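A.B. asks: please find the sequence and the predicted model below.
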Amino acid sequence: MTQLKNTAKIFGALKHANKIIKIRRLVLVSVCFVLLPLTNAEENISLIEAVNMQDLNKFRLLIDQGVNVNQEEADGTRALHWAVHHDNVNITEQLIAAGANVNAKNRYEVAALSLAANNGNKDIVSLLLDAGANVNTAMSQGEFVLLTAARTGVAEVVELLLDRGAEVNAAESWRGQTPLMWAAAENNLTVVNLLLSRGANLDARSGKGFTALLFAAREGHTKIVDTLLNHGADITESLPARAGIITENGTGTATQTGLNALLLATGSAHFETASLLLDAGADPNHSPLGWTALHQISWVRKMGQSGSNNPTPEGSGELGSLDFVRELVEHGANLNALANGRPPVGVSSLNMEGSTPFLLASRSADVELLRLLVDLGADPEVPNIDNSTPLM
């Protein structure tokens, strides 16, 4: 009886052990089924990681294993994007040879060619174009490849794109800006000259009415302004009538109507650029908004001015504001010009209507400017429309 009990115990233990073995086999098989697709995904993700980490040995191993070279990350970025981002010509070339889609875009509509143009990498741009990349591909807000290259400023890339069919006068869909405008705004002189030689339109306007000349003047790029004028840009061109914003540092609540290159340069404290414009024939008394460049000086300097939250523009060049005042007067600026519009100078109890440059300078207690204006012949007693004078 005891033997039977022991035998039963042994069989019971064996049955229990058998169940455990079966369960373990079931778990193992289940794990295998679960891990199988994860292993493939891991290999594909590892390709992207290998490229991003610039691990050439791991990259070659995965390519030799035949992994999917068009695997995407969550945002649609692929191995080719990372290769181009890192300027890796070798990996880029191998990915293309392995079948990478050269026109694939990520969630932000960025293709590899846009990244290559942004990096200014002519070799990779050439590789991608040879493999069939779309020369006019654009990102989500309309920035196309030639526009990117114009901003980056590598003339060889710009020239290559033009040679492959990029449209020199194409405008992006968001603000209506052209490659010439971007090159001018970014102070890329070589690219500006190249675009002009390939037929870029000097008179093209953005959605807000800016031309390449107006962009360059506002940014204080004197050589660009000079180049554009020498190629026939109209020094009298100005912003068309529209409801917009413009102040001494580029933001505010006035209208932009009529602002020309001289006023844009002066209002941004780019006095060397403004001086060039004067020498080229700009009208120092142009006052589409009721105030001239000489009026602008009083709020650009901001000497002791209260009630304004806008900082003084950084400006550019070596020419100071007082020396520029002298140049304005030498070019015929009216020292006693009366403002008939409201200049964007912040909060003040002074009525700007009828104010002279001297009266505006007194408002901010700018002694240096006041003294200079008087020395140059300004009348310190001219009142504004309310009969307010500097002494009041």
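C.D. replies: Received the coordinates, thanks.

A.B. asks: tell me where the model's unsure across the protein.
C.D. replies: Flagging of the chain using pLDDT under 70 yields the residue ranges 1-45, 242-256, 303-312, 342-350, 392.

A.B. asks: now do the one helix or strand His295 maps to: distance to the chain's middle.
C.D. replies: Element membership for His295, per DSSP states H and E: helix 293-301. The chain centroid and the centroid of helix 293-301 are separated by 28 Å under CA atoms, centre = their mean, to the nearest Å.

A.B. asks: could you give the angle of the helix or strand just after that helix to helix 293-301?
C.D. replies: Per DSSP H and E, the first helix or strand lying C-terminal to helix 293-301 is helix 321-330. With axes from the mean of the first three to the mean of the last three CA atoms, to 10 degrees as the basis, helix 321-330 and helix 293-301 are set at 170 degrees to each other.

A.B. asks: for helix 321-330, report the contacting residues that lie outside it.
C.D. replies: The contact list for helix 321-330 (CB atoms under 8 Å, 6 or more residues apart in numbering) reads 266, 269, 271, 274-275, 278, 284, 293-294, 297, 300-301, 335, 368-369, 372-373, 376-377. No exception for glycine: its C-beta is placed from N, CA and C like everyone else's.

A.B. asks: still on that earlier bit, which strands and helices sit next to the helix holding His295?
C.D. replies: helix 261-267, helix 321-330, helix 357-363, helix 367-376 (3 or more CB pairs under 8 Å, 6 or more residues apart in numbering; DSSP states H and E).

A.B. asks: okay, those helices, which one's buried deepest?
C.D. replies: helix 261-267 (a mean of 29; mean count of other CB atoms under 10 Å).

A.B. asks: if we can go back for a sec, can you lay out the helices and strands packed on helix 293-301 as TSV showing distance to Asn134?
C.D. replies: Output for those, formatted as TSV (distance: least, CB to CB, whole Å):
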stretch	distance to Asn134
helix 261-267	36
helix 321-330	48
helix 357-363	54
helix 367-376	55
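
A.B. asks: to Asn384, which of the ones you listed lies closest?
C.D. replies: Asn384 lies closest to helix 357-363 among the helices and strands packed on helix 293-301, at 6.0 Å (CB to CB).

A.B. asks: with only the CA atoms kept, save the closest one in PDB.
C.D. replies: Coordinates of each C-alpha in helix 357-363 appear next as PDB, following Å, rounded to 0.1, in the frame of the first residue of the first chain:
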ATOM      1  CA  PRO A 357      12.900 117.200 -35.500                       C
ATOM      2  CA  PHE A 358      14.100 119.600 -32.800                       C
ATOM      3  CA  LEU A 359      10.800 119.500 -30.900                       C
ATOM      4  CA  LEU A 360      10.900 115.700 -31.000                       C
ATOM      5  CA  ALA A 361      14.500 115.700 -29.800                       C
ATOM      6  CA  SER A 362      13.500 117.900 -26.900                       C
ATOM      7  CA  ARG A 363      10.800 115.400 -25.900                       C
END
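
A.B. asks: residues touching Ala50, list them.
C.D. replies: If you count contacts by CB under 8 Å, 6+ apart, then Ala50 has Lys58, Phe59, Leu62, Ala79 around it.

A.B. asks: in terms of helices and strands, where is it?
C.D. replies: helix 2-52.

A.B. asks: now do the next helix or strand after that helix: which elements does it pack against?
C.D. replies: For helix 2-52, the succeeding helix or strand toward the C-terminus, using DSSP H and E, is helix 56-64. Here helix 56-64 touches helix 2-52, helix 89-97, going by 3+ CB pairs under 8 Å, 6+ apart.

A.B. asks: helix 56-64 versus helix 89-97: what angle between them?
C.D. replies: 10 degrees.

A.B. asks: quick one: helix 56-64 to chain centroid distance?
C.D. replies: The answer for helix 56-64 is 37 Å, by CA atoms, centre = their mean.

A.B. asks: right, and the helix or strand after that helix?
C.D. replies: Defined by DSSP H and E, the subsequent element after helix 56-64 is helix 79-85.

A.B. asks: packing partners for that next one?
C.D. replies: Using 3+ CB pairs under 8 Å, 6+ apart, helix 79-85 sits against helix 2-52, helix 89-97, helix 112-119.

A.B. asks: neighbouring contacts of it?
C.D. replies: 47-48, 50-52, 69, 71, 91-92, 95-96, 100-102, 104, 106, 110, 112, 115-116, 119, 121, 124, 128.

A.B. asks: wait, doesn't Ala265 sit right on Leu214?
C.D. replies: No. With contact defined as CB atoms under 8 Å, Ala265 does not count as touching Leu214 (9.6 Å).
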